[in-house]
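[1] Predicted model, plus sequence, below.
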Amino acid sequence: MQSSKTQTRIGWGLFLAGWTPLTGLTVVLLQGGGLSWLDAFLAGFPIGILFAFLAQSTGYLCRALPLAETGRTRLLATLLLGALITSAFWLLLGRGWLQVVHRWYDEPELFQSYSNQLPTLFVVGVAFYLLSVAIQYLAQAFEKSQEAERRALKLELLARQAELKALQFQINPHFLFNSLNSISALTRSDAAGARRMCLLLARFFRRSLSFGAQEKISLGRELELIRDYLDIEEIRFSTLQTEFDVQPQAEQCLVPSLLLQPLVENAVKHGITRLAEGGLMRLQAAVQSGRLSIRIDNPMDPELPVRAGTGLGLKTVEKRLENHYPQQAAFRILKQGGVFRVELSLPADLPEEASAQAEALSDLAEAKG
């Protein structure tokens, strides 16, 4: 509330300061008509400020007569008529003010000086009125430009979100079909395994739909979904092994929903399942200095050709990081010998309670140290 009042006062101050040239010119003209500087100021300054308030009517007039929709003849005639009427009314009010001043301060030359400068003041009033009109049209054009820019940014954001959603749904769509084929094969040899896989698949997609509808979820919930996915893949590929090393504090951090799922799918599909001996997928996450660091490692065969579609999940994750954390997140891909590594670093977005607990533990650790 206090800030709003301060902004209002500043706005009025700037408004009145903008009309200082007119008030100064009015004072100069009255002084040139035979008044002392003090008398000219007492009479002319309020008259100049009075015109500033009268000129506010130009805002309503300019909104009623948009430049792009009003004929030139009608526009010029209306604006000129408005300038003439406003200037004449201003001078009439100015004379009324002089009568008030005259009651307080007996100056015989006051009305004479004002009358001598009436033609000049009238022309000045018309000129300043038209100048006010020009400023109003410029302000309206600026507002429209700002509004158009805001709409464009909003549309760009919506388009980006739609693109990311589309990319999300494109990631590894064959996973469902391969899982169903595996279930079909298991029904002949391992009915219990097929039933377990059906339950895991149902839970995986239920969680996917639930988590995908949210903008952010905790890393712990994201890992629950990843474990469901890996449990399914471990049934399909017995050589797949997994290892998680995640700090409890890291599990509480909020991350964009389904952020890591494409990375894990990429590690399994394009890395481990292409190796005859399989391998270990390792996921690590830790919080340090206000940053959440996540690393996913998987073995790979650098000699194998790249599959079609490789990189879609990685690009999706990178785009989502740019969208959620502009200039604040880091995304790196490293290939070292037979290891494929993805590293993410983003701000540690902890809920308030978790953040308070983390600070308390940090203070305790420092005290013990």
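    All right, it came through fine.
[2] Looking at stretch 256-275 now, give me its mean pLDDT.
    Taken as a whole, stretch 256-275 carries a mean pLDDT of 87.
[3] buried stuff in that stretch?
    Judged by neighbour count using 16 or more other CB atoms under 10 Å, the buried positions of stretch 256-275 are 256-272, 275. Heads up, the C-betas are built off the backbone N, CA and C, glycines and all.
[4] quick one: that stretch to chain centroid distance?
    31 Å (CA atoms, centre = their mean, to the nearest Å).
[5] can you check stretch 130-150 too?
    The chain centroid and the centroid of stretch 130-150 are separated by 23 Å under CA atoms, centre = their mean.
[6] go on, stretch 44-59?
    For stretch 44-59, the separation from the chain centroid amounts to 38 Å (computed by CA atoms, centre = their mean).
[7] what residues does that stretch touch?
    With contacts defined as CB atoms under 8 Å, 6 or more residues apart in numbering, stretch 44-59 is touched by 15-16, 18-19, 22-31, 82, 86, 89-90, 93-94, 97, 125, 128-129, 132-133, 136.
[8] So residue 245: helix, strand or coil?
    Secondary structure for residue 245, judged by DSSP: H, G, I helix; E, B strand; the rest coil, is strand.
[9] ok, and for stretch 221-234, which residues are buried?
    The neighbour-count check on stretch 221-234 (16+ other CB under 10 Å) flags 221-233 as buried.
[10] So which of those residues sit within helices?
    221-233 (DSSP state H).
[11] List just the nearest of those residues to residue 252.
    residue 221 (10.3 Å; CB to CB).
[12] Could you check how far that closest one is from residue 258?
    Separation of residue 221 from residue 258 (CB to CB, to the nearest Å): 10 Å.
[13] Show me the buried residues of stretch 256-275 that map onto helices.
    Using DSSP H, the subset of the buried residues of stretch 256-275 located in helices is 261-269.
[14] Now render those residues as JSON lines, adding distance to residue 248.
    As requested, those are exported to JSON lines (distance: CB to CB, whole Å):
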{"residue": "261", "distance to residue 248": "21"}
{"residue": "262", "distance to residue 248": "25"}
{"residue": "263", "distance to residue 248": "21"}
{"residue": "264", "distance to residue 248": "20"}
{"residue": "265", "distance to residue 248": "26"}
{"residue": "266", "distance to residue 248": "26"}
{"residue": "267", "distance to residue 248": "24"}
{"residue": "268", "distance to residue 248": "26"}
{"residue": "269", "distance to residue 248": "30"}
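[15] for stretch 240-253, which positions count as buried?
    For stretch 240-253, the neighbour count (16+ other CB under 10 Å) marks 240, 242, 247, 249-253 as buried.
[16] got the contact list for it?
    Counting by CB under 8 Å, 6+ apart, 218-220, 223, 230, 233-234, 268, 272-273, 278-287, 292, 294, 348-351, 354, 358 sit against stretch 240-253.
[17] buried subset of those residues?
    By neighbour count, with 16+ other CB under 10 Å, the contacts of stretch 240-253 hold 218-219, 223, 230, 233, 268, 272, 278-279, 281-285, 287, 292, 294, 348-350, 354, 358 as buried.
[18] helix or strand for residue 332, which one?
    Residue 332 belongs to strand 330-336 when assigned by DSSP states H and E.
[19] ok, that strand: who's next to it in the sheet?
    In the sheet, strand 330-336 lines up against strand 339-347 (antiparallel) (DSSP bridges).
[20] Quick check: buried residues in the partner strand?
    Residues 340-342, 344-346 are the ones in strand 339-347 that count as buried (16+ other CB under 10 Å).
[21] returning to what we had before: between helix 261-269 and the strand holding residue 332, find me the angle.
    Using axes from the mean of the first three to the mean of the last three CA atoms, to 10 degrees, one finds that strand 330-336 and helix 261-269 are set 10 degrees apart in direction.
[22] Next one: residue 236 from residue 21, what distance?
    Counting by CB to CB, the gap between residue 236 and residue 21 amounts to 81 Å.
[23] what does residue 75 give?
    On the measure of CB to CB, residue 75 and residue 21 end up 26 Å apart.
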